[in-house]
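Q: My questions are about this predicted structure, shown below with the sequence.
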Amino acid sequence: MGFINLINEKPVHLVLAKDRVRSIKRGHPWIFPEVLRDLPQAPPGSIALIKDKEGEILAKGYYDPGSKLAFRTLAVGRDRLDERLLGARLTKALTLRRRLFPDPSTTNGFRLINGEGDGLPGLVVDVYAHCAVMKLDGAGAEAFYNVNEIAAWLMKEVLPHTTAPSTCPATLSQALPSASQSTGGAIEGKKQQGGKVVQ
């Protein structure tokens, strides 16, 4: 198991109907449904490739045919979309935050992962003292990211280096924007009202 849930054996091939090649190559993280030639049937969170009209692969990411953000980019051009890439981005985000907030006695609450800003679209992680709150934006992110592996990474790499335990509850909200779809249940720690706990 790794940070990615492999929903599909082969990636979904998505072809651009409108010219967005320059935008994709510059790193724009989203593709809207109206920009695609068609929306093939596939489960949310399926790994997908974005291609131009000539068939050149422009980007790799995950697909959610029912979302207003049909495709979210994780890798551009020849970059590989794999466990190593996600692990490197998690580590890079953590390194940056440790540089920005080196002293937990002055700041022990911060956004560790800021979705597209950290190259992890649809994933947000906030740290509050010894707790982490993970939010997944939509069905695609919920299916693509392996929340148990990310929680294990947080427990190993982030939370042991924070301040001593307090009464801070930490939850995992798996359904944004609709919290009513949250699956609940504890990942690690004590169950709080609603969501999942990573503590």
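A: Alright, I've got the coordinates.
Q: what about residue 97, distance to residue 84?
A: Noted for residue 97: a distance of 21 Å to residue 84, by Cβ to Cβ, to the nearest Å. Where you see a C-beta, it was placed from the backbone N, CA and C, and this is true even at glycine.
Q: Who has more neighbours out of these two?
A: With neighbours defined as other Cβ atoms under 10 Å, residue 97 and residue 84 compare such that residue 97 has more, 19 against 11.
Q: For whichever strand or helix holds residue 58, name the packing helices and strands.
A: In this structure, residue 58 sits in strand 57-63 according to DSSP states H and E. With contacts defined as 3 or more Cβ pairs under 8 Å, 6 or more residues apart in numbering; DSSP states H and E, the packing partners of strand 57-63 are helix 21-25, strand 46-51, strand 71-76, helix 138-144.
Q: For it, C-alpha coordinates in PDB please.
A: What follows is strand 57-63, C-alpha atoms only, in PDB (Å, rounded to 0.1, in the frame of the first residue of the first chain):
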ATOM      1  CA  ILE A  57       0.600  13.100 -23.100                       C
ATOM      2  CA  LEU A  58       0.600  16.500 -21.400                       C
ATOM      3  CA  ALA A  59      -0.200  15.700 -17.800                       C
ATOM      4  CA  LYS A  60      -1.100  12.900 -15.300                       C
ATOM      5  CA  GLY A  61      -3.500  13.100 -12.400                       C
ATOM      6  CA  TYR A  62      -6.800  11.900 -11.200                       C
ATOM      7  CA  TYR A  63     -10.200  12.000 -12.800                       C
END
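Q: which other residues reach it?
A: If you take Cβ atoms under 8 Å, 6 or more residues apart in numbering as the criterion, strand 57-63 is touched by 11-12, 14, 16, 21, 24-25, 42, 44-52, 70-77, 79-81, 121-122, 140-141, 143-144.
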